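Peer 1: need the 3D shape of this:
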Amino acid sequence: MVDPAVRAVLVEAVEVARGALAESGDGGVGAYLGVTSEDEYAATHRFAAELPGYRGWQWAVVVAAPPGSDHVTVSELALLPGPDALVAPAWVPWNERIRPGDLGPGDLLAPVPEDPRLVPGYTSSGDPDVDETAGEIGLGRRQVMSLEGRVDAAQRWYESEYGPGSEMAKAAPSTCMLCGFFLPLAGSLRAAFGVCGNEFAADGHVVHAEYGCGAHSDTTLPTGAGSPLYSA
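Peer 2: Residues are numbered from 1 along each chain as shown. Model prediction:
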């Protein structure tokens, strides 16, 4: 493929570019792939890279020629990924790679500096129950969840498998807010969330008040269910 914007002297420098790659000693120079314009005075010749582990990569050789010149000079050469190249994923800082469930026994995970999910415990948190309790006893945790942190947590729980949109909730005969096993949370999240205390259901999980399952405390079995009263 030849870019029509490339001057003839630059187009004709294929062997010059190939020779520069040969002199580099890296090897693995395959078929010629074409030339593209960098600007009026420079162009890039590309060759397939035939190197183990570099599928789809290309050798790129930039050649240049000033106005009126009848020859080119090699500016630089590099191994670059082509459009179908196998490349490493974008680098992500370690603290952004951590996902829920990654924390194991003995691991330490500190909150990020100035974590927006936390506010100092000796200032108002926006949670009436927390503020009232801390004020009454004159003590408190060094940090408590901020409004932003509680909203984020509520959104995660709402969208989880224990939220009102799950398949289990849609098929349930009633909701958790009417279940005897529902243990409401304290604080501002009390109206919408609680913990399930039924060992045969979502035991120990935070559930939305509108979540539900077949193990609701008011569930009754259909007539005729269960084992027969006689032996076979």
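Peer 1: and the pLDDT for residue 148?
Peer 2: Residue 148 carries a pLDDT value of 92.
Peer 1: could you export the helix or strand that contains it as PDB, CA atoms only?
Peer 2: Per DSSP states H and E: residue 148 is located in helix 147-159. Output of helix 147-159 as PDB, limited to C-alpha atoms (Å, rounded to 0.1, in the frame of the first residue of the first chain):
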ATOM      1  CA  LEU A 147     -22.700  10.300  52.500                       C
ATOM      2  CA  GLU A 148     -21.000   9.400  49.300                       C
ATOM      3  CA  GLY A 149     -19.700   6.100  50.700                       C
ATOM      4  CA  ARG A 150     -23.100   5.100  52.000                       C
ATOM      5  CA  VAL A 151     -24.700   6.000  48.700                       C
ATOM      6  CA  ASP A 152     -22.100   3.900  46.800                       C
ATOM      7  CA  ALA A 153     -22.700   0.900  49.100                       C
ATOM      8  CA  ALA A 154     -26.400   1.200  48.800                       C
ATOM      9  CA  GLN A 155     -26.200   1.200  45.000                       C
ATOM     10  CA  ARG A 156     -24.000  -1.900  45.000                       C
ATOM     11  CA  TRP A 157     -26.300  -3.800  47.400                       C
ATOM     12  CA  TYR A 158     -29.400  -2.700  45.400                       C
ATOM     13  CA  GLU A 159     -27.900  -4.100  42.200                       C
END
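Peer 1: what comes up buried for the next helix-or-strand element following that helix?
Peer 2: Following helix 147-159 in sequence order, the next helix or strand is helix 167-171 (DSSP H and E). By neighbour count on 16 or more other Cβ atoms under 10 Å, the buried set for helix 167-171 is 168-169. Heads up, the C-betas are built off the backbone N, CA and C, glycines and all.
Peer 1: okay, now the sheet partners of whichever helix or strand comes after helix 167-171, with direction.
Peer 2: Next helix or strand after helix 167-171 toward the C-terminus (DSSP H and E): strand 182-184. Its sheet considered, strand 182-184 pairs with strand 193-196 (antiparallel) by DSSP bridges.
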